[in-house]
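Peer 1: need coordinates for the following:
(chains A and B)
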Amino acid sequence: MPQKSFSLLRRLLNRRRLLTMGFATVGGAMLARGVLAQTPDDPHASLPGRDAHGGNQLAGSIDHSRNGFDPMQLLREWETGRVSSTSDGRRIREFSITVIEREIEIAPGVKFPAWTYNGRVPGPSLRATEGDLIRIEFTNAGSHDHSIHFHGIHAARMDGVPGAGQVAPGETFIYEFEAKPFGCHLYHCHTFPLKRHLHKGLYGAFIIDPDPARHPENAAAAKSRLLGAPENAAWQEFIMVMNGFDTNFDDENEFYAINSIAFAYQKAPIPLEKDRPVRIYLINVTEFDPINSLHLHGNFFDYFDQGTSLTPTTPTIDTVMQCQAQRGILEFSFANHEPGRYMFHGHQSEFAELGWMATFDVA
Amino acid sequence: MPIRATLAIPVILITALVAIFLIARPFDFLNKGAPPGESLAVERVQLDERGIHATIRASGAESVAIAQVQVDGAYRAFSITPDRPLGYLRSATIDIPYPWVTGETHHLTFVTSTGATFEHTVEVAVSTPGKGLGDLAGLALVGLFVGFVPIVIGYGFYPALGSFGDSGREFAFSLTVGLLVFLLVDTIGEGLEAAQQAAAGFRAHLMVWLAAVLTALTLLAVGRRSGSPPEGASLALFIAIGIGAHNLGEGLAIGASFATGEIALASFLILGFALHNVTEGIAISAPIDRRAISLATLFWLAVIAGGPAIAGTMTGAFAFSPFWTALAFGIGAGAIIQVLVEICGAIFVRRPASAPWYSLASLSGFVIGVAIMYATTFLVHG
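Peer 2: I've put the predicted structure just below:
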């Protein structure tokens, strides 16, 4: 029985057993009991830190007013622009966006030298309706060149890349294009080095609501998505930008979050009204890591990849994966659930434990 | 003006220079908003049933504020005492409730207010010995087997060596030189290693060298206070002191490595140290004239040489500081240098021309001494 004799040999070679045996022979039973008793196979060894299993959290709290943005407000805050009309009755939405370099507190006590759009990370969540004329007055108040590159349909000269809408410090550029296609999109700086300009904080949500008139076959769904429509008011809508911060600049993130502040919605759960449907605009801008994800506890959702369709691209899932710049819309309901706290988090456990963990408080 | 009064001139100039730099800060323009140079040393990590306890020390130009703590890549609740930014060479204790796993590796990451990170690895998580009597006795026992016991055993070789007459004594003397040369290199090496763990601001590596030089000079002066170099039992005493200082450092390192989970105190390891140190008994007894020494003297010499290992293991396990360990090794190296100087003096200078230092007995003693030490190091790391 070679296997048995092999395991016997292994036991004999087990250093820790030899040790106890060796000390018994030199009369060191006390030693074996005292210093050396902490062997993994000791059934009486107490479980270290038994009470500490729930301690995955940050210490302290953030002064959101000093940051100038509160994660709870950021969830629901839409920037709809200054609305006017052209002579032929077309709607114009004008936005002003300025790059500001400033320090933000991304976790209690941790200051990050961010590059921001309008002083916040993520930048303002722009919201328009399909077909609107978008005009963005972009000012670079930073010390490096910057741009805004929109994920949308536009002319090459409006692309926000070097040579087309990249703006030197102190200068201004106006981006102009039609809002299309409807969906859940994003904008970000496209100045090189790209990684640095992204992870320093230059990104934001760009949501284009469908125009119900253009989608008679799915008018109800389109109306529910249209901000300002009564059908939309029934929904609880949230903007969630999955991001991370590389605070020591080693090309790996030290903190992960949605909307920048690690564990923010874990510490202060997001209140949900049980009877109203939920819609999340989910955008992944996480730098350095190939993918990010969202997993919802105790429930499933319909997923609309990029938000460019009015019927789900992936119905009934509880985990969705996105590469960088991928985004989509999640729709779900807790109407038939018990009230309670339902977690959601990135299902890379690493990201979750480094801050991308959150909770809905369903009541 | 009396010459001595001119001393005031450089003192005044230095004071003025410091004042100008502190008040006018003439070179601030060179600092173009660069982030502060933070530096942090993790001096000691203890594990118990409540979790992980780390002692950290700041050693950079700027103060360090620990903002968050990760264990194994997850942020954890923690408390820090004192709870304020750490100034130059200030230390603090961080307590992290954590369900660590016995026998496995854990990684700590300390995130400062600027987002800089400092890492520390607990190689093998073991419960830090408590301050109970049993643990203390256990550590003392380790020290006893690492220091005292092997020296006493080493004495046993001496009568046989002496029976070979002059060449036997010569061999024993050269063997001692070989052992001590090895021990010197090893001591300095270990001292520099400990110095690397100390907060950079302490410049502990310099302290190792300085302590060695100052100790050697002091002991040389003390040894020769009667006007002639120490010989016989007196030389044996100095060898014991040197070895004792080395064993203190070794004990500190063993106790600390055990307490921090860097080594599992397996019997193999302790046995290795014991065999390695048997040679120290030979070294101490070598210069002694057999007829003129009492067993009591030999006992006390063994206490002086081996006792510090006991003090070291116990201290190291509870109050380890890499700086003090490095210093102990530096002092040990100095003490070894002193005895090497005296023994070599005896070998090279005060010997009859008829018995050259390069005799077979001498050279083989030296080579075998170094070889024994080298060979027994495998036991220590085995």
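Peer 1: and B:Phe329, that one's in a helix?
Peer 2: Yes. If the criterion is DSSP: H, G, I helix; E, B strand; the rest coil, then B:Phe329 is within a helix.
Peer 1: what about it, how many residues close to it?
Peer 2: 32 (other Cβ atoms under 10 Å in any protein chain shown). All C-beta atoms are positioned from the backbone trio N, CA, C, and that covers glycine.
Peer 1: low pLDDT regions in the stretch 151-300 of chain A?
Peer 2: Nowhere does the stretch 151-300 of chain A drop to pLDDT under 70.
Peer 1: same check, this time on the stretch 1-150 of chain B
Peer 2: Ranges of the stretch 1-150 of chain B meeting pLDDT under 70: B:1, B:31-36, B:129-133.
Peer 1: could you pull out the strands for it?
Peer 2: In the stretch 1-150 of chain B, the strands defined using DSSP state E, counting those that start in this stretch lie at B:40-48, B:51-58, B:66-71, B:74-76, B:79-81, B:91-96, B:106-112, B:117-122.
Peer 1: what is the third one packed up against?
Peer 2: It refers to strand B:66-71. strand B:74-76, strand B:91-96, strand B:106-112 (3 or more Cβ pairs under 8 Å, 6 or more residues apart in numbering or on different chains; DSSP states H and E).
Peer 1: that strand: partners in the sheet, and parallel or antiparallel?
Peer 2: strand B:74-76 (antiparallel), strand B:106-112 (antiparallel) (DSSP bridges).
Peer 1: format those as a markdown table; extra columns: distance to B:Trp209 and mean neighbour count.
Peer 2: Listed next are the strands paired with strand B:66-71 as a markdown table, based on distance: least, Cβ to Cβ, whole Å; neighbours: other Cβ atoms under 10 Å in any protein chain shown:
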| stretch | distance to B:Trp209 | mean neighbour count |
| --- | --- | --- |
| strand B:74-76 | 40 | 22 |
| strand B:106-112 | 30 | 21 |
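Peer 1: can you put those strands in CSV and add distance to B:Glu62?
Peer 2: Putting the strands paired with strand B:66-71 into CSV (distance: least, Cβ to Cβ, whole Å) gives the following:
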stretch, distance to B:Glu62
strand B:74-76, 24
strand B:106-112, 10
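Peer 1: mind listing the helices for the stretch 151-300 of chain A?
Peer 2: All helices of the stretch 151-300 of chain A, identified by DSSP state H, counting those that start in this stretch, fall at A:194-199, A:219-225, A:230-233, A:264-267.
Peer 1: in what helix or strand does the nearest residue to B:Gly345 once chain neighbours are set aside lie?
Peer 2: Closest residue to B:Gly345 apart from its sequence neighbours, by Cβ to Cβ, 6 or more residues apart in numbering or on different chains: B:Pro229 at 5.7 Å. For B:Pro229, there is no enclosing helix or strand under DSSP states H and E.
Peer 1: count the residues that sit near B:Pro229.
Peer 2: 18.
Peer 1: distance of it from B:Ser285?
Peer 2: 19 Å (Cβ to Cβ, to the nearest Å).
Peer 1: also B:His107?
Peer 2: Taken as Cβ to Cβ, the span from B:His107 to B:Ser285 is 48 Å.
Peer 1: got phi/psi on the closest residue to A:Ser143 other than its chain neighbours?
Peer 2: Setting aside the residues directly before and after it, A:Ser143 is nearest to A:Pro169 in space (Cβ to Cβ, 6+ apart), at 5.7 Å. With angles defined as degrees, to the nearest 10, A:Pro169 sits at phi -60, psi 130.
Peer 1: quick one: the helices in the stretch 1-150 of chain A?
Peer 2: A:2-13, A:15-25, A:29-34, A:64-67, A:71-74.
Peer 1: much appreciated, bye for now.
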